[in-house]
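Asks: sequence and predicted structure are below.
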Amino acid sequence: MEQYVVVSRTREKDEQFTLIDAMSLDEANAIFEVRHKANKEAMKKGEAFFIFQEDEVLTLDENNRVVFPSGGMAIIHKLA
């Protein structure tokens, strides 16, 4: 079992939203879709959730944006 980090991005900043235990990135994405359906539906235009494996410490840059680690990532984005 691996841990996956979910980061919430708004216009102002990025922040860690939750951690998900899963066997794969696809499974973590599916778990997020079920557990956090209300959060996904409440997203505003331009907001996003990023899901990636927790291989290293989550770091933010000077603009409060996540510095993405190497490796796979799932993105859930509200376009309109």
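Replies: That came in fine, so what should we check first? Numbering: from 1, shown residues only.

Asks: against which helices or strands is the lowest-mean-pLDDT helix or strand in the chain packed?
Replies: Every helix and strand of the chain was ranked by mean pLDDT, DSSP states H and E. The lowest is strand 73-77, at a mean of 85. For strand 73-77, the packing partners by 3 or more Cβ pairs under 8 Å, 6 or more residues apart in numbering; DSSP states H and E come out as helix 25-35, strand 48-53. Quick note: C-beta positions are derived from backbone N, CA and C, even for glycine.

Asks: got the CA positions of it in PDB?
Replies: C-alpha atoms of strand 73-77 as PDB (Å, rounded to 0.1, in the frame of the first residue of the first chain):
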ATOM      1  CA  MET A  73       0.100  12.500 -11.300                       C
ATOM      2  CA  ALA A  74      -3.700  12.700 -11.800                       C
ATOM      3  CA  ILE A  75      -5.300  16.100 -12.300                       C
ATOM      4  CA  ILE A  76      -9.000  17.000 -11.700                       C
ATOM      5  CA  HIS A  77      -9.600  20.500 -13.100                       C
END
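
Asks: tell me the contacts of the closest residue to Leu60 other than its chain neighbours?
Replies: Take Leu60 and drop its neighbours on the chain: the residue closest to it by Cβ to Cβ, 6 or more residues apart in numbering is Val66, 5.9 Å away. Contacts here follow Cβ atoms under 8 Å, 6 or more residues apart in numbering; on that basis Val66 touches 7, 9, 14, 50, 58-60.
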